[in-house]
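Structure, please.
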Amino acid sequence: MSTSPTISFIGAGNMASAIIGGMLDNGYQASDIWVSAPDDSHLQAIRKRFGVSVTTDNRYCAQQADMLILAVKPQVMAQVCQDIAPVVQNTRPLVVSIAAGLTADTLDAWLGGGLPLVRVMPNTPSLVGKGAAGLYANDAVTEEQKRSVQAVFESIGSALWVQDEHRLHGVTALSGSGPAYFFLFLEALEAAATEAGIDSATARALAIQTMAGAAEMAARSEHDPAQLKRNVMSPGGTTERAIQAFETGGLRDLVKQAYDAAYQRSEEMATELASPQ
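I've put the predicted structure just below:
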């Protein structure tokens, strides 16, 4: 019989599947994982794909858990939490939420109060094992529990803690929404290259590989992005001319405006979602 903690997922969408896949690739056992969702046909596909245990009964799934990962949409979280509250008040699992916007206090209140709870802000590159997640733990979470949660999310990328829950709004605006910022830049760069005569498939492939290569250089380098940028530039050369165009066009201010807009919307959503519908 396994002595490893049982990890239960309520919700079986793309992010839950990504986490489960990453866990299995990093030594977690399928026999220690439970998943619940309302659609049994979808659950059976999850069971066949991963070999995990499945059920349509959220309460039963929660009852199995040492770590309970809430992977449902924020709009239905209140209903889900209030339904399983009697169970988790009895079993006292470590609760992990990957829902954007909902605060630890709000979730804990819906679950009956007094639970160890971690909020995680993952992002969509988690689907390909290259995620960047921000994590926050309430005061009831032990250091051992924090390590357990971090290990789960490091199975799909990087996982970094913030000490102040409000900082998760900043994480949302950075890594949560950030992939779309880079996709927009890719889209614009591809369009510019295509207009200059490069066929779109070639332009896209070159732009994607250039972005991936630049990201890998930044990750490996001891230099900051400003120095890496200077390393590419030659006085009077093409890169310098392009960077001057970005600076003159106000790219830095535009990025700051976009970041602030996402941050503000994250704060608004926290307020909107705190009241059960």
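
tell me the contacts of the closest residue to Leu160 other than its chain neighbours?
Once flanking residues are discounted, Leu160 sits nearest to Gly134: 6.1 Å by CB to CB, 6 or more residues apart in numbering. Yep, even glycine has a C-beta here, placed from its N, CA and C like the rest. With contact taken as CB atoms under 8 Å, 6 or more residues apart in numbering, Gly134 is in contact with Val120, Met121, Leu160, Trp161, Val162, Arg167, Leu168, Val171, Thr172, Ser175, Gly176.

and the third one, helix, strand or coil?
Translated: Leu160. strand (DSSP: H, G, I helix; E, B strand; the rest coil).

In contact with it, which residues?
Applying CB under 8 Å, 6+ apart to Leu160 gives the contacts Ala132, Ala133, Gly134, Leu135.

re earlier: just the ones of the contacts of Gly134 in strands?
Val120, Met121, Leu160, Trp161 (DSSP state E).

Using a markdown table, lay out those together with pLDDT and distance to Leu186.
Shown next, in a markdown table, are these (pLDDT from 0 to 100; distance: CB to CB, whole Å):
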| residue | pLDDT | distance to Leu186 |
| --- | --- | --- |
| Val120 | 97 | 26 |
| Met121 | 96 | 23 |
| Leu160 | 97 | 25 |
| Trp161 | 98 | 30 |
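
Which pair of those residues spans the longest distance?
Met121 and Trp161 (11.4 Å; CB to CB).

Which among the contacts of Gly134 count as buried?
Among the contacts of Gly134, those classed as buried by 16 or more other CB atoms under 10 Å are Val120, Met121, Val162, Leu168, Val171, Thr172, Ser175, Gly176.

and of the residues you listed, the nearest to Ser148?
When the buried ones among the contacts of Gly134 are ranked by distance to Ser148 (CB to CB), Val120 comes first, at 12.4 Å.

Look up the residues forming beta bridges with the closest one.
Applying DSSP bridges to Val120 gives these bridge partners: Leu135.

Wait, it touches Gln150, no?
No: in this structure Val120 lies outside contact range of Gln150 using CB atoms under 8 Å: 9.7 Å.

Between those two, which contacts overlap?
Leu135, Ala159.

All the helices of the stretch 101-250 of the chain, residue numbers only.
Applying DSSP state H, counting those that start in this stretch to the stretch 101-250 of the chain gives helices spanning 104-110, 143-154, 167-171, 178-195, 200-220, 225-232, 238-248.

for these, which one sits closest to Arg47?
Taking CB to CB, helix 143-154 is the member of these nearest to Arg47, at 19.8 Å.

CA atoms of the closest one as PDB?
C-alpha atoms of helix 143-154 as PDB (Å, rounded to 0.1, in the frame of the first residue of the first chain):
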ATOM      1  CA  GLU A 143       7.000  24.500   5.400                       C
ATOM      2  CA  GLU A 144       6.700  20.800   4.500                       C
ATOM      3  CA  GLN A 145       3.400  21.500   2.800                       C
ATOM      4  CA  LYS A 146       4.900  24.400   0.900                       C
ATOM      5  CA  ARG A 147       7.700  22.100  -0.300                       C
ATOM      6  CA  SER A 148       5.100  19.600  -1.400                       C
ATOM      7  CA  VAL A 149       3.100  22.200  -3.400                       C
ATOM      8  CA  GLN A 150       6.200  23.600  -5.000                       C
ATOM      9  CA  ALA A 151       7.300  20.200  -6.100                       C
ATOM     10  CA  VAL A 152       4.000  19.600  -7.900                       C
ATOM     11  CA  PHE A 153       4.200  22.900  -9.800                       C
ATOM     12  CA  GLU A 154       7.900  22.500 -10.600                       C
END
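
which non-adjacent residue is nearest Met217?
Leu228 is the one closest to Met217 (CB to CB, 6+ apart), at 6.4 Å.
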